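In: What follows is a predicted protein model with its sequence.
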Amino acid sequence: MGKPSLFEQFQIVGRDLYVSRLISSHGGNLSIRQGDDIYITRTRSQLGHLGFEDVVKVAFDEPGYRDEHASCELVVHRAIYQARQKKWGETEGAIVHAHALATTVRSMLDDVIEPLDSEARLFIPDVEVVTSKTPVGSADVGALFAQTLSKSKDPNTVAVLRGHGPFAHGATLEDAYRLVSILEHSSTILNTIQSLGAAHKEYLD
């Protein structure tokens with residue numbers, strides 16, 4: 001079996017996000033950068049049921065007429081890609097934005113999400129939570145995530161917008177999705193421990 005096409009990558013990860021309940025019916029967005037182009041899901045698309053018309057090609061470097069058809073979070077995706085190119089010379093990558101329930105709850109409680117489980121501590125030892133007064137599709141959020149997700153040379157990195165959900169950058173959509181999935185599992189563990197009345201910090205010793 002050959003490598004999935006670009007559109008098939010969107011379909012696979014979009015469906016996985018929906019089936020995993022990491023998004024609502026019309027929530028979340030995906031993008032892939034290839035050189036001067038960004039391919040991003042259309043505004044109000046259903047990631048679990050993507051058609052060809054649901055993936056929009058826009059310019060990497062500046063806004064254009066096709067932007068109006070893209071997800072409202074395009075400004076955030078573009079800012080992340082531009083920051084990573086400026087700092088690390090990257091010309092390719094992928095971004096997954098989800099509205100993961102446990103992670104969003106955790107973001108309302110912590111400034112940094114510190115996983116307890118061994119898998120998460122290996123891949124995402126601590127995850128920054130950023131805050132904005134304009135949390136949806138704003139230049140402010142774009143600037144915050146551009147700074148946060150370009151700190152490490154590792155292309156696979158994730159952070160969370162308080163009350164809104166995670167943005168993950170990966171070498172591929174699958175890589176970015178994996179980080180979102182790991183973080184959600186870890187946040188579920190943290191939330192469960194706290195609901196049982198345990199002081200979760202003791203498990204980090």
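Out: Thanks, I have it.

In: max-length helix in the protein?
Out: Determined from DSSP state H, the single longest helix within the chain is helix 173-195.

In: on contacts alone, who are the packing partners of that helix?
Out: helix 6-19, strand 92-97, helix 101-107, strand 112-113, helix 118-123, strand 157-161, strand 165-170 (3 or more CB pairs under 8 Å, 6 or more residues apart in numbering; DSSP states H and E). Every C-beta, even on glycine, is put in place using the N, C-alpha and C of the backbone.

In: rerun that using 7 Å as the cut-off
Out: Judged by 3 or more CB pairs under 7 Å, 6 or more residues apart in numbering; DSSP states H and E, helix 173-195 is in contact with helix 6-19, strand 92-97, helix 101-107, helix 118-123, strand 157-161, strand 165-170.

In: Those: lowest mean pLDDT?
Out: Across those, helix 118-123 has the smallest mean pLDDT, namely a mean of 92.

In: What strands flank the helix or strand following that helix, and is each parallel or antiparallel?
Out: Using DSSP states H and E, the helix or strand that follows helix 118-123 in sequence is strand 127-130. Paired with strand 127-130 in the same sheet, following DSSP bridges, are strand 112-113 (antiparallel), strand 157-161 (parallel).

In: Pull the residues that contact the last one.
Out: Among residues not part of strand 157-161, those counted as contacts by CB atoms under 7 Å, 6 or more residues apart in numbering are 103, 107, 113, 124, 127-130, 132, 135, 141, 145, 148-149, 166-169, 179-180, 183.

In: Helix or strand with the lowest mean pLDDT in the chain?
Out: Within the chain, no helix or strand scores below helix 118-123, which has a mean of 92 by mean pLDDT, DSSP states H and E.

In: Now do that helix: distance to the chain's middle.
Out: Centroid displacement of helix 118-123 relative to its chain, using CA atoms, centre = their mean, to the nearest Å, is 18 Å.

In: Show me what that helix is packed against.
Out: Looks like helix 118-123 contacts helix 173-195 (3+ CB pairs under 7 Å, 6+ apart).

In: ok, back up a step: tell me how far the longest helix of the chain is from the chain's mean position?
Out: 12 Å.

In: Could you do stretch 64-81 as well?
Out: 14 Å.

In: got the end-to-end distance for that stretch?
Out: The first and final residues of stretch 64-81 sit 16 Å from each other (CA to CA, to the nearest Å).

In: same thing with stretch 115-131?
Out: Terminal-residue distance, stretch 115-131 (CA to CA): 20 Å.

In: And for it, what's in contact with it?
Out: 107, 110-114, 144-145, 148, 158-162, 179, 182-183, 186, 189-190, 200, 203-204.
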